[in-house]
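S.K.: Below are the sequence and a predicted model for it; my questions follow.
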Amino acid sequence: MLKTNFLGKQFKNPIVLASGILGVSASGMANTVKNGCGGVTLKTLFKEKRSGHPNPTMFGTEHYFINAVGLSGPGIENSIEEIKKFKEISGAPLIGSIGAGSTEGFVEAAKLINQAPIDLLEVNVSCPNVGTEFGTPFAYSAEAIKTITAKVKEVSKVPISIKLAPGVWNISEIAKAAESAGADAITAGNTIAGMAIDVRAKYPILHNKVGGVSGPALFPVALKFVHDVYKSVKIPIIGTGGITTGEDALAMVMAGATLLGVGSAVYFRGDNAFEKIIAEMEVIMKEEGINSLNEIRGCIHN
Amino acid sequence: MKFVAVFTTNMKNDSPKQLKITRIVEENPSVKTFYFDYELSSKPGQFVMLWVPGVDQKPFSVGFDNGESFGLTIFKRGPMTGKLFEMNEGDRVGISGPYGTSFSVKDNTHYIMVAGGYGAAPLGFLAEELQKKEKVTIDFCMGARNKDLLLFETRMEKLSNVNMHISTDDGSKGHKGFITDLLPELIDKNSISCTCGPELMEKKVLDLCNEKETDCEVSIERHMKCGIGVCGQCAVDDLGICMCKQGPVVKRELANKIKEFGHYHRDKSGAKIDL
């Protein structure tokens, strides 16, 4: 009922672990597959080892989750063994994720990660937590997206998905730039920039002051994002942002998503949030007589 | 004015609460206990995230909690604890939690606490909680490098059902050598060994309890970022479970499945570091 084909890869269901959540070790990611994920996305890796920001790096409330981890990671070359280990212990499709501060950096990262057994490569051009570290975020410039996409596509041995930022006014133009430059898919999308202040301490709670908002508060923003991207391009979409229930998941499919990234939901519903979402999708589909997700994908656009 | 009024209902909220440090006790030159008058309602073995704005936020196990106030026993180690050691009574820090699993608190049981260094804090809290239980005896084994670094010896001696056992590396007090040397003759069929301290010491306790097939509960420390089961930084091989949620206190059966325990852990970038 939920089996999903994405760029030729079979997923037992469309729920994929979103990048940055529980993705530090092979065993941690394999545990999310045990808890229902149809596939997993690695935490974004840079060529270099990065320690990330000091704590607090994340916390949540009833309405939202917010993080500014600062893209910590051991570096791509130090991660190859860990990625191979995931493939040894789990059969689920694996999506790599790379970050960099320049076009050349993305090309280098894409070449390095070619050594790892990934099935798809997400190109993270939209992390809101490294602010001015790399100048204006690439995700706001159609020109930057076009260049990075074309260059990464040239070297990557697997299909690529460009991970864009929500809340960008010219999203249609940017999505089209990615598609025309050879992107195989679009991940829509990243967290949206936000902040939280401790009024008693008179201090921003995240050490980085600002961070990326996810969780229920992000969902309607992400849903429209997927809707807008689906209207603009023909390539498939990984819909990500605030999916917490089966209802959210089906709404994302109706807006046009094929795979569904789920991350912060583990904060709101526990380690097995993935299987809860899947079970709820199945209940609604049965009640509504929906036999496959293909029947409803993008249906609100008709 | 009473701070920390909560204006919301029971909604989920893990943002830090600003709590006033009500008392600071210097345990030894590099260890202080910070007390807060706040109903934390923690259980022995659980931890809180302590935030010093502008510096950092780190997990600390609760070393004392009598229902009305709680204490955190902290070893001065880096920039954050350094800043904390400059703070005075009346200053505030951000606290979230309590988080994680706890040691069992049971009637009719022979407890063996195996504490290394400041591991004595959560186990001291456990011993005090056990005073509420029926027919409990406690062998409290405390090890340190030298006698000046022993923590909470007097605090534990006050408890009527506690037998103290001490070891120091330099022999300045008690047995000269490892605290785990004393363990084989204490363990019996009805005992639970609870341990907190250096990982190699904990591993030794686990191994001894495996040999004797007796209950054991281990507090496993891993680098944590969020403390709430999201970032994956403290996930352990090969299970992939997070020590901030399914730990820090794990029972013998689970500890045996954590293959990296006693061998390696991960730093804040996620890279493996051998013990």
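M.R.: Sure thing, it's come through.
S.K.: going forward, measure contacts between C-alpha atoms and count neighbours the same way
M.R.: OK.
S.K.: model confidence over the lengthiest helix in chain B, on average?
M.R.: When chain B is parsed with DSSP state H, its longest helix is helix B:199-212. Mean pLDDT, computed over helix B:199-212, is 97.
S.K.: elements contacting that helix?
M.R.: The contact analysis (3 or more Cα pairs under 8 Å, 6 or more residues apart in numbering or on different chains; DSSP states H and E) places helix B:199-212 against strand B:191-196, strand B:215-219.
S.K.: ok and the last one relative to helix B:199-212, angle-wise?
M.R.: Between strand B:215-219 and helix B:199-212, the angle formed by their directions is 170 degrees, by axes from the mean of the first three to the mean of the last three Cα atoms, to 10 degrees.
S.K.: For strand B:215-219, what is the distance to the chain centroid?
M.R.: Offset of strand B:215-219 from its chain centre (Cα atoms, centre = their mean, to the nearest Å): 12 Å.
S.K.: Show me which residues of chain A sit near chain B.
M.R.: Contact residues (Cα under 8 Å from any Cα of the partner chain) of chain A with chain B: A:20-31, A:49-52, A:54-62, A:72-74, A:78, A:198, A:200-201, A:203, A:205, A:207, A:264, A:266-267, A:271.
S.K.: hmm, which of the residues you listed are the buried ones?
M.R.: Listed as buried from the residues of chain A next to chain B are A:20-31, A:49-52, A:54-61, A:72-74, A:78, A:198, A:201, A:205, A:207, A:264, A:266-267, A:271; burial here means 16 or more other Cα atoms under 10 Å in any protein chain shown.
S.K.: Return the subset of these lying in helices.
M.R.: Under the assignment DSSP H, those contribute A:Ala26, A:Ser27, A:Gly28, A:Met29, A:Ala30, A:Asn31, A:Val266, A:Tyr267 to helices.
S.K.: what kind of secondary structure is the residue nearest to B:Gln57 when sequence neighbours are not counted in?
M.R.: Nearest non-adjacent residue to B:Gln57, counting by Cα to Cα, 6 or more residues apart in numbering or on different chains: B:Trp51, 4.1 Å away. Classification of B:Trp51 using DSSP: H, G, I helix; E, B strand; the rest coil returns strand.
S.K.: Could you do A:Gly211 as well?
M.R.: Under the three-state scheme (three-state DSSP), A:Gly211 adopts strand.
S.K.: I'd say B:Glu157 and B:Leu151 touch.
M.R.: No: if you go by Cα atoms under 8 Å, B:Glu157 and B:Leu151 don't touch, sitting 11.5 Å apart.
S.K.: more crowded one of the two?
M.R.: Counted by other Cα atoms under 10 Å in any protein chain shown, B:Glu157 and B:Leu151 do not tie: B:Leu151 has more neighbours, with 24 against 13.
S.K.: Is the more buried one located within a helix, as I assumed?
M.R.: No: counting by three-state DSSP, B:Leu151 is not found in a helix; it is coil.
S.K.: what's near enough to touch it?
M.R.: Going by Cα atoms under 8 Å, 6 or more residues apart in numbering or on different chains, B:Leu151 touches B:Glu27, B:Gly117, B:Tyr118, B:Ala120, B:Ala121.
S.K.: Make JSON lines from those and add secondary structure to it.
M.R.: Formatted as JSON lines, the contacts of B:Leu151 follow (three-state DSSP):
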{"residue": "B:Glu27", "secondary structure": "strand"}
{"residue": "B:Gly117", "secondary structure": "helix"}
{"residue": "B:Tyr118", "secondary structure": "helix"}
{"residue": "B:Ala120", "secondary structure": "helix"}
{"residue": "B:Ala121", "secondary structure": "helix"}
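S.K.: which of these lies closest to chain A?
M.R.: Using Cα to the nearest Cα, B:Tyr118 is the member of the contacts of B:Leu151 that sits closest to chain A, with 22.8 Å.
S.K.: Return the residues in contact with residue 97.
M.R.: Using chain A. Contacts of A:Ser97 (Cα under 8 Å, 6+ apart): A:Ser19, A:Thr41, A:Leu42, A:Lys43, A:Thr44, A:Leu45, A:Leu121, A:Glu122, A:Val123, A:Asn124.
S.K.: Chain B, not that one
M.R.: With Cα under 8 Å, 6+ apart, B:Gly97 has these contacts: B:Asp14, B:Leu40, B:Phe47, B:Val48, B:Met49.
S.K.: Restricted to strands, list those residues.
M.R.: Members of the contacts of B:Gly97 lying in strands (criterion: DSSP state E): B:Phe47, B:Val48, B:Met49.
S.K.: wait, isn't the second one in contact with B:Ser96?
M.R.: Going back to what we said before, that points to B:Val48. Yes: here B:Val48 reaches B:Ser96: they are 5.7 Å apart, a contact under Cα under 8 Å.
S.K.: Could you name every residue contacting both of the two?
M.R.: Where contact means Cα under 8 Å, 6+ apart, no residue is in contact with each of B:Val48 and B:Ser96.
S.K.: Would you mind listing what in the stretch 51-200 of chain B touches chain A?
M.R.: Residues of the stretch 51-200 of chain B that fall close to chain A, judged by Cα under 8 Å from any Cα: B:Trp51, B:Pro53, B:Gly54, B:Val55, B:Asp56, B:Gln57, B:Lys58.
S.K.: pLDDT added to the contacts of B:Gly97, as CSV?
M.R.: Formatted as CSV, the contacts of B:Gly97 follow (pLDDT from 0 to 100):
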residue, pLDDT
B:Asp14, 92
B:Leu40, 96
B:Phe47, 97
B:Val48, 97
B:Met49, 97
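S.K.: Most neighbours among these, please name it.
M.R.: If you count neighbours using other Cα under 10 Å, the busiest of the contacts of B:Gly97 is B:Phe47, which has 26 neighbours.
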